[in-house]
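S.K.: need a 3D model of the sequence below.
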Amino acid sequence: MTSTTDPNGAASRRDFIRTTTAAVVGSTLATSMNLPGAWAAGSDEIKVGLIGAGGRGTGAVDNVLTAAQGVRLHVIGDLFPDRLKDSLENLSKHGDKAAVPAERQFTGWDAFEKVIASDVNYVILATPPGFRPTHLKAAIAAGKNVFTEKPVFVDSHGYKTVLEAFEEANKKGLGVVAGTQRRHHAAYLEAMKRVQDGAIGDVVAARAYWNQGGLWNKPRQQNWTDMEYQIRNWLYYTWLSAITSSNSTSITWTSRIGASAACRSGSSASAGVRHALSRSTDTSTITSVSTTSTRTACI
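M.R.: Numbers count the residues shown, from 1 in each chain. From the prediction side, this is the model:
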């Protein structure tokens, strides 16, 4: 490995990628973050491996290639050849940074294993959430830094697998970051700070709404099996999705703002959290926090 400090004492990319902060560069936050201390130490290139070449995976790669120099999409894998092909076409605007040769393009059920077995040092996990625990466990076992889309599990077994993988990542000094973008959004953080500082009084209820247009679905093709149809429409099947990523973001935010903490502590102020999907064209999350004395059920 090359030297990890430049003459000015700045950390190299390899140092950055070993930490949680480094992994954030591959998330949807990448284009809004400024990491001036990261520099390319000689040939110390960040080689990205993408597992799951759908819209979100392609978007995450677009973000990371746009955010910094010295980053390259090195390997790509997806269950379906057409999704992989579409992803590479969409990323072709990045030129050589996204030019993955055929021998590093993998499809099929074992595509994730081949991506992880390559010499990448940074893996993006963007398949349907039902596969996430298996992929995360494998990536950490192979010593890879990971950006994982949310949610990271859909059931109790997956939850335990993810926790075990996280503990293993800590032992190995690997970076793992999930795409809970609202945890890093300046406006959200400021609003949360004001509420927690008492700007509106004691929080007794929180309601979160994620507003956007209609959700996608893929019309069934004659040659698709039931399995392929469900995976291509994973959002509507609990074994693959369980909860939409937008709802997981809303739950995370309302929990952090303090309402859920009141429930857990057993205080007299109980919190009710309701999540609704609107058909508005606005893509922002609207969260209202109530300070009324009405007692509602904790969920």
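S.K.: so for whichever strand or helix holds V64, what gets flagged as buried?
M.R.: For V64, the element it lies in under DSSP states H and E is helix 55-67. Neighbour-count burial for helix 55-67 flags R56, G57, T58, G59, A60, V61, D62, N63, V64, L65, A67 (criterion: 16 or more other CB atoms under 10 Å). Quick note: C-beta positions are derived from backbone N, CA and C, even for glycine.
S.K.: can you check stretch 125-142 too?
M.R.: 125-140.
S.K.: same question, stretch 195-206
M.R.: V195, V203, V204, A205, A206.
S.K.: okay if I get the residues you listed as CSV plus pLDDT?
M.R.: As requested, those are exported to CSV (pLDDT from 0 to 100):
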residue, pLDDT
V195, 85
V203, 81
V204, 80
A205, 79
A206, 79
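S.K.: those in strands, which ones?
M.R.: Of the buried residues of stretch 195-206, the ones assigned to strands by DSSP state E are A205, A206.
S.K.: return the closest of the buried residues of stretch 195-206 with respect to G52.
M.R.: The shortest approach to G52 among the buried residues of stretch 195-206 belongs to A206, at 31.6 Å (CB to CB).
S.K.: ok, what's across the strand from the closest one?
M.R.: Beta-bridge pairing for A206 (DSSP bridges): V273, V289.
S.K.: pretty sure it is touching T254, no?
M.R.: Yes - using CB atoms under 8 Å, A206 is in contact with T254, at 4.1 Å.
S.K.: tally of neighbours for V162?
M.R.: 21 (other CB atoms under 10 Å).
S.K.: and it, that one's in a helix?
M.R.: Yes - when DSSP: H, G, I helix; E, B strand; the rest coil is applied, V162 is found to be in a helix.
S.K.: would you map the strands across the stretch 151-299 of the chain?
M.R.: Counting by DSSP state E, counting those that start in this stretch, the stretch 151-299 of the chain has strands at residues 176-178, 205-211, 273-278, 285-290.
S.K.: and the first one, what does it pack against?
M.R.: Yep, that's strand 176-178 we're talking about. If you count contacts as 3 or more CB pairs under 8 Å, 6 or more residues apart in numbering; DSSP states H and E, strand 176-178 packs onto helix 20-23, strand 145-148, helix 156-172.
S.K.: contact partners for the closest residue to K47 other than its chain neighbours?
M.R.: In space, and not counting its chain neighbours, K47 is closest to H74: 3.8 Å by CB to CB, 6 or more residues apart in numbering. Counting by CB atoms under 8 Å, 6 or more residues apart in numbering, H74 makes contact with K47, V48, G49, V100, R104, S118, D119, V120.
S.K.: sorry, back to before: so which of the buried residues of helix 55-67 comes closest to S87?
M.R.: T58 (4.4 Å).
S.K.: okay, stretch 136-148 in CSV with CA atoms only?
M.R.: Only the C-alpha atoms of stretch 136-148 are listed here, as CSV (Å, rounded to 0.1, in the frame of the first residue of the first chain):
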residue,chain,number,x,y,z
LEU,A,136,-23.7,-7.6,3.9
LYS,A,137,-22.4,-10.6,5.8
ALA,A,138,-20.5,-11.8,2.8
ALA,A,139,-19.0,-8.4,2.0
ILE,A,140,-17.8,-7.9,5.6
ALA,A,141,-16.4,-11.4,5.7
ALA,A,142,-14.4,-10.6,2.6
GLY,A,143,-13.0,-7.4,4.2
LYS,A,144,-14.9,-4.9,2.0
ASN,A,145,-16.1,-1.4,3.0
VAL,A,146,-19.8,-1.1,2.4
PHE,A,147,-22.5,1.4,1.5
THR,A,148,-25.8,-0.4,1.9
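S.K.: show me the contact partners of it.
M.R.: Residues outside stretch 136-148 that contact it (CB under 8 Å, 6+ apart) are 17-18, 22-24, 26-27, 49, 60, 112-113, 116-117, 120-125, 132, 135, 152, 161-162, 164-166, 168-169, 172, 174-179.
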